[in-house]
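Student: Sequence first, predicted model second:
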Amino acid sequence: MSTIPGVPAAQAPDLAEPTEPVEPLPPKPDQGAPAARTATGADTGAEPSARAQQGRWLTTSTGTRLRDTDHSLKAGERGPTLLQDHHLREKITHFDHERIPERVVHARGSGAHGYFEGYGTASTVSYAGLFAEGKRTPVFVRFSTVLGSRGSADTVRDTRGFATKFYTDEGVWDLVGNNIPVFFIQDGIKFPDIVHAGKPHPDREIPQAQSAHDTFWDFVSLHTEAQHHTLWNMSDRGIPRSYRMMEGFGVHTFRLTNAEGETSLVKFHWKPKLGVHSLTWEEAQLIGGLDPDFHRRDLADAIEAGARPEWELGIQVFEDTEEQVFQGIDLLDPTKIVPEELAPVQPIGRMVLDRNPTNFFAETEQVAFHVGHLVPGIDVTDDPLLQTRLFSYVDTQLSRLGGPNFNQLPVNRTHAPVNDMLRDGFHQHAVHAGVAPYHPNSLDGGCPFMAGGDLGDEQARAFVEVARAVEGAKVRANPASFEDHFSQARLFWASMSPVEQEHIIRAYAFELGKCYEQTIKERQLLALANIDERLCGEVATALGLPAPDPTEEAGEVVPSPVLSQLAGGPWPGDGRVVGIVVDPAGDLPDVEAVRAAIDEAGMVPLLVAPHGGKVGDLDVQRTFATVRSVELDVVLLAGSPPPAPDALPARDAKAGAAGTSSLDPRVVLLLEEAYRHAKVVGAWGAGIDALTAVGLTDDVPGVVTGSEGPAVLAQVQDLMGTHRVWERFPAAV
């Protein structure tokens, strides 16, 4: 790593406006684009940038050069604009139609390109080619929040989408999941209900991108199958630190077939290389105002800085029995997990994201996922939520992307040959030859033919739905196994550490405290009583309400330690942001060495100084006026800077922080927040004086001091492996 992220363009601009015509600049080094494939999947051999703008002159959409785009054509300088101004009409008409309908859910998203590399370990359960050992498959991943609009904030408490498009040799496979392994509902017919309940109230269109309101809690308190997912959402999982530190789950149970035709049931898991970490609630609220694009920026900056996000794909494997049940857990119920202690997650490949999009709209906004995009060796099950998704995704794309040819958009194009006999429609990019788009035919020589052959023959094998006997009366009902709504919520609560349980209590207290109707609060407390007595009692106390008695007997549960975010580790520091506070008048020799060591470790060093520009020979990335601890993972102090000239409350409200006259009050606030959010703090030399001024000494957990910067950094790196200094969080137990 040698790049401080955030460079806006491929080359630095000159002070004066350019006047010498030049060709379009290339993309930035961190950017990529969809492969240059035709609409029918052929590799054109062209660079992906071949789809970018061409030539040095401004033109119309048909390539005619223009000499003026600043003035409309008028009848005299002060006369009316003329209808014959075709350039004006084209420019304005296109502008008027630049927006497409945003997604109903998952509207707020971020994406990146990368690759998936198979381990070969899945061959016993699936003959899908992308799982072969050493096989690399291009991917595009889109992360998202569920409830907010495109313009909402990143750090709201919400479920996150984790959707991966695999451009395999056998077609596109879309693994469309979330960062929470269970869902609110068991049957897809309820999907409009949960979304309508979670979205802003229809009369005021508020609150935006959050569940702290009456309609959400009205629904989940009445529809108690939602309680398990809601508990995950109230945990720290609902406010991830970064998309790079977020697990992904396929949610549903899928069916895999191996080369011998044997089937297995599986659940898919993405495990992040950096571990699973979250923001504190206060951090999330501060970031929502300071940087609403925090997660989007973090993902792009990490890739630009060379800290490529990485996940391992794993599967839990179950015998494909007629009952489709594993140790009493119904595998078709999307509100249930199978604890990893009962069915370990077996790694089958890894994914690396290494390129940012070149154009957000063309790629991240127009990418179209569909759970029905499957490849040979991977099939669906009869999960009633999954069955509805198989219909809903295509229906959504028809509305959003203007017609049936959305798979021909560059980001959606398959890397496998396409001969689908589908014709015409809006935005048809293919130029189909032949005269017989029907089957059977003889006029086109019988082409296209049906594939078949041995499952192990990659050249001839086809996607084949697994034949399963289906029988039963037509009913609108759930199986009895779907009626248990609380045991797995108890399992999740019992698996949390004391600190995480405190965060869950705080989340329920905040969310329900935002509701207006007392009845809804009381009804949700009834649900919490069936999960845990302490959880219900503490939330009831915060709401000023009595804690109700449970309405069903709580059975014993065995905790699953892996559900706690404190489990595992230590985790690598790739892409973590380290702020180095300096005093320009102080001793700077160690600062360059520390910056180099941070860079060498794959982290991002940001120099924080009283002013911008340079300190000595070092470039400054943040000033006391622009920095806030929530954008930093670690704070290092290389000096004890006195109040800067702009440390005036009238000029910077942060300068009103309480502190000593010997230390800039913005630095005092930075340290107080870093301490409160349980972040590691290190200091050397005069920086130790700054810590002393705010009452932090090296006997405080997570505070490191020393005489030399590199030695302090080494100790700090060891502590960073757990993400936070957890013992600094108070936990009332």
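Tutor: Received it, and whenever you're ready, just let me know what you need.
Student: Flag the shaky bits of the chain, pLDDT-wise.
Tutor: The chain contains residues with pLDDT under 70 at 1-2, 453-459, 657-660, 731-733.
Student: ok, now which residue in it is the farthest from the centroid?
Tutor: Distance from the C-alpha centroid of the chain, by C-alpha atoms, centre = their mean, peaks at Gly76 (54.0 Å).
Student: Please look at Val627 and Leu670 and confirm they touch.
Tutor: Yes - with contact defined as C-beta atoms under 8 Å, Val627 reaches Leu670; the gap is 6.5 Å. (Each C-beta comes from the backbone N, C-alpha and C, glycine too.)
Student: Now for these two: what residues contact both?
Tutor: Common neighbours of Val627 and Leu670 (criterion: C-beta atoms under 8 Å, 6 or more residues apart in numbering): Gly579, Val608.
Student: If you count surrounding residues, which of the two has more?
Tutor: Between Val627 and Leu670, counted using other C-beta atoms under 10 Å, Leu670 has the larger neighbour count: 27 against 23.
Student: show me where the stretch 401-550 of the chain has helices.
Tutor: Taking DSSP state H, counting those that start in this stretch, the helices of the stretch 401-550 of the chain run over residues 487-495, 498-513, 518-529, 533-543.
Student: Just put those helices in CSV and tack on mean neighbour count and distance to Asn178.
Tutor: Formatted as CSV, the helices of the stretch 401-550 of the chain follow (neighbours: other C-beta atoms under 10 Å; distance: least, C-beta to C-beta, whole Å):
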stretch, mean neighbour count, distance to Asn178
helix 487-495, 21, 15
helix 498-513, 20, 18
helix 518-529, 20, 22
helix 533-543, 19, 23
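Student: top strand in this structure by residue count?
Tutor: If you go by DSSP state E, the chain has its longest strand at strand 346-357.
Student: Can I get that one in PDB, CA atoms only?
Tutor: Extracted as PDB, the C-alpha positions of strand 346-357 are listed here (Å, rounded to 0.1, in the frame of the first residue of the first chain):
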ATOM      1  CA  GLN A 346     -16.800 -26.100   5.200                       C
ATOM      2  CA  PRO A 347     -14.700 -23.700   3.100                       C
ATOM      3  CA  ILE A 348     -15.100 -24.100  -0.700                       C
ATOM      4  CA  GLY A 349     -13.500 -20.900  -2.200                       C
ATOM      5  CA  ARG A 350     -12.500 -17.400  -1.600                       C
ATOM      6  CA  MET A 351     -13.500 -14.000  -3.100                       C
ATOM      7  CA  VAL A 352     -11.400 -10.900  -3.500                       C
ATOM      8  CA  LEU A 353     -12.700  -7.500  -4.500                       C
ATOM      9  CA  ASP A 354      -9.900  -5.600  -6.400                       C
ATOM     10  CA  ARG A 355     -11.500  -3.000  -8.600                       C
ATOM     11  CA  ASN A 356     -14.000  -0.100  -8.100                       C
ATOM     12  CA  PRO A 357     -16.700   0.600 -10.600                       C
END
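Student: just checking, next helix/strand downstream of that strand?
Tutor: Following strand 346-357 in sequence order, the next helix or strand is helix 360 (DSSP states H and E).
Student: which other residues reach that following helix?
Tutor: Under C-beta under 8 Å, 6+ apart, the answer for helix 360 is Gly111.
Student: Paired strands for whatever helix or strand comes next after it, with orientation please.
Tutor: As assigned by DSSP H and E, the chain's next helix or strand after helix 360 is strand 378-379. With DSSP bridges as the test, strand 378-379 is paired with strand 254-257 (antiparallel).
Student: Whatever helix or strand comes next after the partner strand pairs with which strands?
Tutor: For strand 254-257, the following helix or strand on the C-terminal side (DSSP H and E) is strand 263-272. Taking DSSP bridges as the criterion, strand 263-272 sits next to strand 248-249 (antiparallel), strand 254-257 (antiparallel), strand 310-319 (antiparallel) in its sheet.
Student: Without its sequence neighbours, what residue ends up closest to Arg576?
Tutor: With sequence-adjacent residues excluded and distances taken as C-beta to C-beta, 6 or more residues apart in numbering, Arg576 is closest to Asp633, at 4.2 Å.
Student: ah, wrong one, I meant Arg490
Tutor: Arg490 sits nearest to Val557 (C-beta to C-beta, 6+ apart), 4.9 Å away.
Student: burial of that neighbour, as a residue count?
Tutor: Val557 has 16 neighbours, counted by other C-beta under 10 Å.
Student: separation between it and Arg389?
Tutor: 29 Å (C-beta to C-beta, to the nearest Å).
Student: Beta-bridge partners for the residue nearest the centre of the chain, please?
Tutor: Nearest to the mean C-alpha position of the chain, by C-alpha atoms, centre = their mean, lies Phe143 at 3.2 Å. Taking DSSP bridges as the rule, Phe143 bridges to Ser110, Phe162.
Student: My read is that it contacts His295, right?
Tutor: Yes - Phe143 is in contact with His295 according to C-beta under 8 Å; the separation is 7.3 Å.
Student: any common contacting residues for these two?
Tutor: Common contacts of Phe143 and His295 (C-beta under 8 Å, 6+ apart): Ser110, Tyr243.
Student: okay, now Glu20: neighbour count?
Tutor: Counted with other C-beta under 10 Å, residues neighbouring Glu20 total 5.
Student: helix, strand or coil for it?
Tutor: At Glu20 the chain is in coil, as set by DSSP: H, G, I helix; E, B strand; the rest coil.
Student: quick one: it from Thr626, how far?
Tutor: Glu20 is 35 Å from Thr626, by C-beta to C-beta.
Student: Same check on Pro347?
Tutor: To Thr626, Pro347 is 42 Å away according to C-beta to C-beta.
Student: Output the helices of the stretch 401-550 of the chain as a markdown table; include the columns distance to Thr159.
Tutor: Listed next are the helices of the stretch 401-550 of the chain as a markdown table, based on distance: least, C-beta to C-beta, whole Å:
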| stretch | distance to Thr159 |
| --- | --- |
| helix 487-495 | 14 |
| helix 498-513 | 14 |
| helix 518-529 | 18 |
| helix 533-543 | 20 |
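Student: Can you tell me how far Leu691 is from Leu342?
Tutor: 47 Å.
Student: Quick check, Gln387 in contact with Phe191.
Tutor: No - using C-beta under 8 Å as the test, Gln387 is too far from Phe191 to be in contact (11.4 Å).
Student: three-state assignment of the closest residue in space to Thr623 that isn't next to it in sequence?
Tutor: Computed as C-beta to C-beta, 6+ apart, the closest residue to Thr623 that is not its neighbour in sequence is Gly612, at 5.5 Å. The local conformation at Gly612, judged by three-state DSSP, is coil.
Student: Please tell me how far Gly612 sits from His94.
Tutor: Relative to His94, and taking C-beta to C-beta, Gly612 is found at 39 Å.
Student: neighbour count winner among these two?
Tutor: Set Gly612 next to His94 and count neighbours by other C-beta under 10 Å: Gly612 wins out with 13 against 10.
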